[in-house]
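Pasting a predicted model and its sequence here:
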Number of protein chains: 2
Amino acid sequence: MDVKLSVTPYKGTRDFYPRDMKLRNWFFGNIRKALEQSCFEEYEGPMLESLDLYAAKSGEELAKEQTYNFTDRGGRDLAIRPEMTPTVARMVAGKMGELNYPLKWFSIANMYRYERPQRGRLREFWQLNVDIFGCDTFEADLDVLQSAIAVLRSYGADESMFKVHINNRRFFNDVIAAIAGTDAEGSKKISKVVDRKNKINREAYENAMEELGLSEEQIEKIDALYTMGVKEATALCPDSDGAKELTALFDALEKTGLIKYCMFDFGIIRGLDYYTGTVFEVFDLAPENNRAMFGGGRYDNLVGLFVKNAKISGVGYGMGDVTLENFLVTHNLVPDLDNEGTKVLVTRFDDVPYEKYTALVDELRGAGLTASLYLGSKKFGKQIDYAVKGNYSHVVIMGGSELEGGIVKIKNLNTREESAVALTELAAFFG
Amino acid sequence: MDVKLSVTPYKGTRDFYPRDMKLRNWFFGNIRKALEQSCFEEYEGPMLESLDLYAAKSGEELAKEQTYNFTDRGGRDLAIRPEMTPTVARMVAGKMGELNYPLKWFSIANMYRYERPQRGRLREFWQLNVDIFGCDTFEADLDVLQSAIAVLRSYGADESMFKVHINNRRFFNDVIAAIAGTDAEGSKKISKVVDRKNKINREAYENAMEELGLSEEQIEKIDALYTMGVKEATALCPDSDGAKELTALFDALEKTGLIKYCMFDFGIIRGLDYYTGTVFEVFDLAPENNRAMFGGGRYDNLVGLFVKNAKISGVGYGMGDVTLENFLVTHNLVPDLDNEGTKVLVTRFDDVPYEKYTALVDELRGAGLTASLYLGSKKFGKQIDYAVKGNYSHVVIMGGSELEGGIVKIKNLNTREESAVALTELAAFFG
């Protein structure tokens, strides 16, 4: 072959070189720690799933359009997973009778969506999914919100940096019914307009509302809701189950002190039809990045796609790695990952038997240190360059004369200090 | 939709429920720790790559047969990666001029191969890939072997459980040329027969050798090699570069004490054509599982697929998660992962305000403990069942009377001991 292959990764995907990977491991490590401390358990499913799963949730056309899908040689229509929710619903359904409810589950996994790559949207991305299954009441909603806040706080983010906007689908339907006299279908149509409110101008919004038969007065009544607090809003239809859910949740947010991270926002819909109760979106408060970073909510019927009459409700959210990274960078919350603590390179001279060096490295590793021998036999200066470029903190130098004297020289690459240390004191020096 | 979706994952793939995931995280955590301590750096690439990458390495027909591949809407032929090597070669080529050689890189990632699922072979599997780029001499081979041994030892495996069988492609070609007078092409054909030796019977082996023009005497000379030690074997063509490489490597294995894990084995070929020097396979020594678990070797030309006249050699190996799990289970090296240390469930009664419980949980977490509040309002017995089934080590009990007295009861679920602890002493109790 004479034509050379391209070194560029496929459009919308990323190569994670060690520096990028270190960042990714730091992101995900923080999340794992925060969630496991709250007794969430990690799971994962396969990258390939039956296309049916997405078609059942979003319709076949949309599923085919948004996923990488193909037919295998056995005639099975498959898709690379574009999201985790259908997989986790399938897994819960698969062991429905044996699982220990309420389940507190999370997953950190890569997904593929077939879309035009743009800022914050790639074709391959990683996503945190957090869900609680099998608790129908506000406690699970609160715990899920608490976990999202805990994840962001684990990076050092505080209430000046993000805000959780909360609404309730059931409340939305009831209050819209009270204002506009609509049935479920009518409320749903109005919810689609509200969902697009920030993407269209005022005129288009009013036109869309009028097309659905709303009067100027009704539109104004809905307008008022956008700036209401939760008490004022729920007072509009106090007997609504959704209003009661909102009240219970905000009462708990208030009493647990989480309210400082949260607010009621009637404009929060979440596009997907399967949400049934609480819905929320987490906003970045940085003026230059002010937008919803991620969100979620309560969905009662997904396990029912797999098991007849299944009554296992879920509440959860998904958070993409690109959005999270943008947020952390914007707020200066990414630490210097190049400084890795003690990392020792043992340099090598040709006049010392090789096994003297490997024994030295073994000893350092045995003492719990991160250490490597320079591989090859380049000049000393090159070996030092390698150590500096590779973010080693120390080099250990043992030439023929040091070996004879039973010592090594240790150079701290940050402070430039050099010490002569007896071979027998090597591990203790770093201790 | 009335027809319910299947709960079974796609053929040859696995669901990782929390228990499975905990095992996977333990597997991979051990590997990360062992390799990072030896200054290997983690990387990853995308799941989707251009089909060209695999076609260039293995031929288009084989690449299409063995991968999940399809054409995207832009007409690009893509494959879900069946292995990591082409990706890592692409990544090295992509930043060839800026990387810090020798690179010590590893990756733990999932792959897809289109094959019939069977024991040890799934369609989706995870694979550890370890490679050193940019060091042409025995030091890198030794370091790579050392890392494989270190990974297995990190699980508690010792020399009674596995053995690394080592050969050298260059030596193979030279000694076959000396015995049979073959050119490079002829040696390659013979290598294919040797590679299949353990899969065919003696008669088929001899017939295949004879078909390649080998005499009975020549076949016998090759037979003798299978039982030779490295000194005896290399003495057959001492001037061969391959013999010199083998001698340098075994000399270092001897002096560094790694020899107890290793042996020379002329029957080790590794099917793939791209290996150029050292090749090795790691065998499970358990009688019931005696077979090659994984292997690798030196390949000099892969970066050259991307960059003209690139001279960056690599040496490495890939280890599948299924094989590793079989090995660890066979040798009883998987610890009891259900025992997770301290994990506290705070139980809940309706006569205590909710925020008293969330504050308790916050306090426990603030003290670094893993803790959760029971979500919902089931009977006390159900909450205890939940704690037992969920592998919680302790439950904290605070009813109305405890709250009034400023205490909680703590029940250790392993010892059944119950203690009354002042609220102010809660964190200290677990400390």
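Right, received. Where do you want to start? Predicted model, so just to flag it, every value in this text is computed and none were measured.

Can you give me every residue that contacts A:His165?
Applying Cβ atoms under 8 Å, 6 or more residues apart in numbering or on different chains to A:His165 gives the contacts A:Cys262, A:Met263, A:Phe264, A:Asp265, A:Gly267, A:Ile268, A:Phe280, A:Glu281, A:Val282, A:Phe283, A:Ala292. For the C-beta atoms, the positions are set from N, CA and C on the backbone; glycine is no exception.

Which among the residues you listed count as buried?
Listed as buried from the contacts of A:His165 are A:Cys262, A:Met263, A:Phe264, A:Asp265, A:Ile268, A:Phe280, A:Glu281, A:Val282, A:Phe283; burial here means 16 or more other Cβ atoms under 10 Å in any protein chain shown.

Beta-bridge partners for the closest residue in space to the fourth one that isn't next to it in sequence, please?
Once flanking residues are discounted, A:Asp265 sits nearest to A:His165: 3.6 Å by Cβ to Cβ, 6 or more residues apart in numbering or on different chains. Per DSSP bridges, the residues bridged to A:His165 are A:Met263, A:Glu281.

for chain A, which helix is longest?
helix A:18-37 (DSSP state H).

Pull that one out as PDB, backbone CA atoms only.
C-alpha atoms of helix A:18-37 as PDB (Å, rounded to 0.1, in the frame of the first residue of the first chain):
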ATOM      1  CA  PRO A  18      -2.600  10.300  28.000                       C
ATOM      2  CA  ARG A  19      -3.200  13.900  29.000                       C
ATOM      3  CA  ASP A  20      -6.800  13.900  27.900                       C
ATOM      4  CA  MET A  21      -7.300  10.500  29.400                       C
ATOM      5  CA  LYS A  22      -6.000  11.700  32.700                       C
ATOM      6  CA  LEU A  23      -8.600  14.400  32.700                       C
ATOM      7  CA  ARG A  24     -11.300  12.000  31.800                       C
ATOM      8  CA  ASN A  25     -10.200   9.600  34.600                       C
ATOM      9  CA  TRP A  26     -10.200  12.500  37.000                       C
ATOM     10  CA  PHE A  27     -13.700  13.600  35.900                       C
ATOM     11  CA  PHE A  28     -15.100  10.100  36.200                       C
ATOM     12  CA  GLY A  29     -13.200   9.200  39.300                       C
ATOM     13  CA  ASN A  30     -14.700  12.200  41.100                       C
ATOM     14  CA  ILE A  31     -18.200  11.100  40.000                       C
ATOM     15  CA  ARG A  32     -17.700   7.500  41.100                       C
ATOM     16  CA  LYS A  33     -16.400   8.600  44.500                       C
ATOM     17  CA  ALA A  34     -19.300  11.000  45.100                       C
ATOM     18  CA  LEU A  35     -22.000   8.600  44.000                       C
ATOM     19  CA  GLU A  36     -20.600   5.500  45.600                       C
ATOM     20  CA  GLN A  37     -20.400   7.400  48.900                       C
END
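
got any ranges where the stretch 251-400 of chain A has weak pLDDT?
Applying pLDDT under 70 to the stretch 251-400 of chain A flags no residue at all.

just the helices in it please.
Remark: helices assigned in the stretch 251-400 of chain A by DSSP state H, counting those that start in this stretch are A:321-330, A:354-366, A:380-389, A:400-405.
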